[in-house]
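S.K.: structure of the sequence below:
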Amino acid sequence: MLIKVLGSAAGGGFPQWNCNGTQSAAVRARVPGFRPRTQSSLAVSANGRDWMLLNSSPDLRQQINDTPELWPHSDAGPRNSPIKAVVLTNGDVDHIIGLINLREAQPFSVYGSDRVLATLDANSVFNVLAKDKVPRYELPLGEPRAISGAGSSLGITIDAFAVPGKVALYLEDAAAPGFGSKAGDTIGLKVTEQATGKAFFYIPGCAAIDGPLSNRLRGASVVFFDGTLFTDDEMLRQGLMAKTGSRMGHMNISGPDGSIAAFAKLGVARKIFVHINNSNPVLDEKSDARKTAEAAGWEIGYDGMEVRL
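M.R.: Numbering: from 1, shown residues only. From the prediction side, this is the model:
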């Protein structure tokens, strides 16, 4: 199974279009050690020809252009695509808007939780993906599902599970507990290659690692995990936004309640941060934060990164 990181940044990318923070400015100035990144998404294939996307970022057109494996096949007619399915982990703008790039009457399948599919159904702009060409399938939590698209199996099974998180910002209900968040608003994925049984986990958004999630991840071979912020209050301190990471539904990397500490005893063989915010100092390859993460056995995901299982 081949996994390609199409985008490794959180919403807005790196640099973010309107951000003049220290790190976004460094990317624009081409300072060594600062690598530009598009918004979070993976591509996965069991056979090297047919591909499944995990989330569909607003930068998808650029990501496809930068990834030859996702170009139309030269032997398959004037219009075709190797993208056969898209699996959505939540309804965040940076994970669903890229679907609109995939219009043009091209057959593929969309998978998501009932909560995420309801969000798509409630927004008529997504009707540019005609349902006779682009069917939508629910991923029931805790029930592994074989993924197919354009009439063929991809040889991959997805096991979706709820993770601690929060409903997308634009769907928040300020008067409701937890802003109206419910199970299925944010999910993680276990992705398994049917032929070999090899598997990895993809969790780009997570507010905490609780007991059930710890048990699920223990001993995993590869986990792509939420690396949004290094410290909970970094955007406040940098003057970028009046919100903490916990308010946005993301746990931080550092500290006693952070992901480095939470993973320390889980025995995960390979740990990769994705969905990294422009404020996060791990994006500076020479920073102490980067050294701390790498010393703890973590890799910092980057656009174009490949992982083979």
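
S.K.: now the strands for the stretch 1-150 of the chain?
M.R.: For the stretch 1-150 of the chain, the strands defined by DSSP state E, counting those that start in this stretch occupy 2-7, 41-45, 51-54, 83-87, 109-112, 136-138, 145-149.

S.K.: what would those strands look like in a markdown table with mean neighbour count?
M.R.: From N, CA and C alone the C-beta is placed, and that goes for glycine too. Formatted as a markdown table, those follow (neighbours: other Cβ atoms under 10 Å):
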| stretch | mean neighbour count |
| --- | --- |
| strand 2-7 | 23 |
| strand 41-45 | 24 |
| strand 51-54 | 26 |
| strand 83-87 | 25 |
| strand 109-112 | 24 |
| strand 136-138 | 17 |
| strand 145-149 | 19 |
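
S.K.: may I see these organised as TSV, with mean pLDDT and distance to W71 added?
M.R.: TSV is the format used below for those (pLDDT from 0 to 100; distance: least, Cβ to Cβ, whole Å):
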stretch	mean pLDDT	distance to W71
strand 2-7	98	13
strand 41-45	98	12
strand 51-54	98	11
strand 83-87	98	10
strand 109-112	98	20
strand 136-138	97	25
strand 145-149	97	17
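
S.K.: closest one to E234 among those strands?
M.R.: Taking Cβ to Cβ, strand 2-7 is the member of the strands of the stretch 1-150 of the chain nearest to E234, at 20.7 Å.

S.K.: so what strands line up beside that closest one?
M.R.: Strand 2-7 sits in its sheet next to strand 41-45 (antiparallel), strand 306-308 (antiparallel), going by DSSP bridges.

S.K.: which residues of the stretch 51-200 of the chain fall in helices?
M.R.: For the stretch 51-200 of the chain, helices defined by DSSP state H, counting those that start in this stretch occupy the ranges 60-65, 93-96, 114-122.

S.K.: which elements pack onto the first one?
M.R.: Packed against helix 60-65, as judged by 3 or more Cβ pairs under 8 Å, 6 or more residues apart in numbering; DSSP states H and E, are the following elements: strand 2-7.

S.K.: export the strand it packs on as CSV, just CAs?
M.R.: The C-alpha trace of strand 2-7 is given here as CSV (Å, rounded to 0.1, in the frame of the first residue of the first chain):
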residue,chain,number,x,y,z
LEU,A,2,1.3,3.4,-1.0
ILE,A,3,0.4,6.5,1.0
LYS,A,4,1.2,10.0,-0.3
VAL,A,5,0.9,13.2,1.7
LEU,A,6,-0.8,15.6,-0.6
GLY,A,7,-1.1,18.4,2.0
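
S.K.: G205 is in contact with L229, isn't it?
M.R.: No. Proximity of G205 to L229 does not meet the contact threshold set by Cβ atoms under 8 Å, at 11.9 Å.

S.K.: now list whatever residues contact both of these two.
M.R.: Residues touching both G205 and L229 comprise H250, with contact defined as Cβ atoms under 8 Å, 6 or more residues apart in numbering.

S.K.: can I get the strands of the stretch 1-150 of the chain in TSV including distance to K291?
M.R.: Converted to TSV, those look like this (distance: least, Cβ to Cβ, whole Å):
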stretch	distance to K291
strand 2-7	21
strand 41-45	26
strand 51-54	29
strand 83-87	34
strand 109-112	37
strand 136-138	43
strand 145-149	38
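
S.K.: on that earlier part again, and S246, which of the helices of the stretch 51-200 of the chain is closest to it?
M.R.: Of all these, helix 93-96 sits nearest to S246, with 18.7 Å by Cβ to Cβ.

S.K.: tell me which strands and helices that closest one is in contact with?
M.R.: Applying 3+ Cβ pairs under 8 Å, 6+ apart, we find helix 93-96 packed against helix 114-122.

S.K.: chain center to the helix it packs on, what's the gap?
M.R.: In terms of Cα atoms, centre = their mean, to the nearest Å, the centre of helix 114-122 is set 18 Å apart from its chain centre.

S.K.: can you check stretch 44-57 too?
M.R.: 13 Å.

S.K.: let's have the helices of the stretch 51-200 of the chain in TSV, adding mean neighbour count and distance to A162.
M.R.: Shown next, in TSV, are the helices of the stretch 51-200 of the chain (neighbours: other Cβ atoms under 10 Å; distance: least, Cβ to Cβ, whole Å):
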stretch	mean neighbour count	distance to A162
helix 60-65	19	26
helix 93-96	23	16
helix 114-122	18	10
